[in-house]
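Enquirer: have a look at this prediction, sequence included:
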Amino acid sequence: MSQEQGITPRAQDFSAWYNDAVMRAELADYSVVRGCMVIRPNGYAIWELMQGALDRMFKDTGHRNAYFPLFIPQSFLAKEAEHVEGFAPEVAVVTHAGGKELEEPLVVRPTSETIIYASFAKWIQSYRDLPLLINQWANIVRWELRTRLFLRTTEFLWQEGHTAHADEADAEREARLMLGVYRRFAEEWMAMPVITGAKTDSEKFAGALRTYAIEALMQDNRALQAGTTHNLGQNFARAFGVQYQTAAGGLEYVWNTSWGVSTRLIGGLVMTHGDDVGIVCPPRLAPTQVVVVPIWKSDTERAAVLPAAEGAARDLKAAGLRVELDAREGMKPGAKYYEWEGRGVPLRLEIGPRDVARAQVFAARRTGGKAPIPLAGLVAGVQAALDELQRSLLEAARQRREANSRRGVTRAELVELMSGEGGGGFAYGGFCGSAACEAAIKEATRATVRVLPDEEFRSSPAPATCVWCGAPAAGEAVWAKAY
Ligand SMILES: [Zn+2]
């Protein structure tokens, strides 16, 4: 049996590989509605695990969940000038309902700042009502012309945090705090290393004062913007009249933040860890962390092996692990392995007659390598193997990213680095900060400024001149071709 059958190798065509890997793992499917996808149970299970972890992190930082309408009066979007300009081209508009033309068309939310801040205006009266820290889990519609499963679809699932604060410093602290939460989630749960920093004006959210992002480097050397947080300033507060009475009795506009991550993260997980066999799930987000496969050739062997496999699965489940026992009859072990590998299950435990005799199981890692684990210490042994796998996935991804990051690039190097199909990676260089240079670089290389990196990621010494124009650098930028 060919292990790679049906999957395009990454080196041949990464984009085709991605689709094959997603389909083979049964994460998602195309739908009859163009641009929309069906998230299949295997994909939705990953999303539920992501949601669970993020939701805990949001609540641990003081946020509460709420839900706002899917429909937004069209006039709301127009209240914030940059916002409407940014989103108008991609909104879907409902003009008819109940058999009649609506008096005012309703926009299907492309993001919920406007409808949420209209409520905030009613809820917030005094400084005592601040900060107001809300999160919403919802679906979003943005009319995309070119779509890809998970990465860019017309409808997608996400969370959007929306907060109101008394002053700029508190809003800024919130935007930075949530950027840190996203980073921690990406690294500790997805094993996906990210760099953090601010967006340039041309890349920031429509209507925001400042946008921050976590950016990851995929295996094809293109960047994935995996999450953003925005300090919205008082723009939306002014548009929706969100004011509060200060302790001194004055009236002030609140400062807002918003922040979001979406089902796009699943695409990031696939493109960070997948190999030519299919997806690889980091253990903490694997719907099935361990599959137990009993191996027998005769009824006698079956009588010895099956109870041992059942017992192993039971013990692991009792310890809180997500376990499947694959005791299907009439199916060769190799065919089972192939199926579970394609789903990215991190650890497979094989139990044959000899293993039973030796009171052990054979543990095969999805990323390669086999080792016996004694049944006596099964739970601890499996937990250690999963922890080690989680760590090694993050480390491998970090090493790959660093190997494909170049610091202090010159103009010629930037052009060279971004050229060709396999070209890319993170290019660090000096940036004068001008929109003209940014646009010229994008035109010449298709690379955009992913972030103006936070201090931790900056080069030392700092670049002195702009990569493009040679003028003194205002700071450092990281360029990449992006999804
Ligand atoms: Zn310049």
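Expert: Looks like it arrived, so ask away.

Enquirer: please list all residues in contact with the residue in the stretch 51-200 of the chain positioned nearest to the ion.
Expert: Per C-beta to the ion, Thr200 is where the stretch 51-200 of the chain lies closest to the ion, at 11.9 Å. Quick note: C-beta positions are derived from backbone N, CA and C, even for glycine. For Thr200, the contact set (C-beta atoms under 8 Å, 6 or more residues apart in numbering) comprises 433, 435, 438, 449, 452, 477.

Enquirer: can you give me the distance of it to Tyr212?
Expert: Distance, Thr200 to Tyr212, by C-beta to C-beta, to the nearest Å: 12 Å.

Enquirer: cool, Phe87 as well?
Expert: From Phe87 to Tyr212 the distance is 20 Å (C-beta to C-beta).

Enquirer: more neighbours: the two, which one.
Expert: Remark: of Phe87 and Tyr212, Tyr212 carries more neighbours, 27 against 21, as counted by other C-beta atoms under 10 Å.

Enquirer: sheet partners, orientation included, of the helix or strand harbouring that one?
Expert: Using DSSP states H and E, Tyr212 falls within strand 210-217. Strand pairing for strand 210-217, using DSSP bridges, gives strand 195-198 (antiparallel), strand 223-233 (antiparallel).

Enquirer: following the longest one in sequence, what is the next regular element?
Expert: Translated: strand 223-233. Sequence-wise, the next helix or strand downstream of strand 223-233 (DSSP H and E) is helix 235-240.

Enquirer: doesn't Ala175 lie inside a helix?
Expert: Yes. Ala175: assigned to a helix according to DSSP: H, G, I helix; E, B strand; the rest coil.

Enquirer: give me every residue that touches it.
Expert: 210, 212, 229-231, 257, 259.

Enquirer: relative to Thr263, how far out is Ala206?
Expert: 21 Å.

Enquirer: would you agree Cys442 falls within a helix?
Expert: Residue 442: Lys, not Cys. Yes. Using three-state DSSP, the assignment for Lys442 is a helix.

Enquirer: state the distance from the most centrally placed residue in the chain to Asp315.
Expert: Among the residues of the chain, the one closest to the centroid is Leu265, at 2.2 Å (C-alpha atoms, centre = their mean). Going from Leu265 to Asp315 by C-beta to C-beta gives 32 Å.

Enquirer: swap in Ser459?
Expert: Distance from Ser459 to Asp315, counting by C-beta to C-beta: 50 Å.

Enquirer: give me the residues contacting stretch 78-88.
Expert: 77, 110-111, 113-114, 142, 205-207, 235-236, 239-240.

Enquirer: which one of those has the most neighbours?
Expert: Counting by other C-beta under 10 Å, top hit in the contacts of stretch 78-88: Glu113 with 31 neighbours.

Enquirer: all helices of this structure, in order?
Expert: When assigned using DSSP state H, the helices of the chain occupy the ranges 14-24, 41-60, 74-78, 81-87, 113-123, 168-184, 235-240, 264-273, 299-318, 333-342, 353-357, 378-403, 411-418, 435-445.

Enquirer: compare the mean pLDDT across these and name the weakest.
Expert: Among those, helix 81-87 carries the lowest mean pLDDT, at a mean of 79.

Enquirer: quick check: buried residues in that helix?
Expert: Buried positions in helix 81-87, judged by neighbour count with 16 or more other C-beta atoms under 10 Å: 83-84, 86-87.

Enquirer: widest-spaced pair of the residues you listed?
Expert: Between any two of the buried residues of helix 81-87, the greatest separation by C-beta to C-beta is 7.3 Å, found for Val84 and Gly86.

Enquirer: contacts only, for Leu269.
Expert: Leu269 is in contact with 46, 190, 192, 279, 281-282, 285, counting by C-beta under 8 Å, 6+ apart.

Enquirer: will you turn those residues into CSV that also has distance to the ion and neighbour count?
Expert: Below are those laid out as CSV (distance: C-beta to the ion, whole Å; neighbours: other C-beta atoms under 10 Å):
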residue, distance to the ion, neighbour count
Ile46, 42, 25
Met190, 34, 28
Met192, 31, 28
Ile279, 41, 28
Cys281, 42, 28
Pro282, 39, 25
Leu285, 41, 25
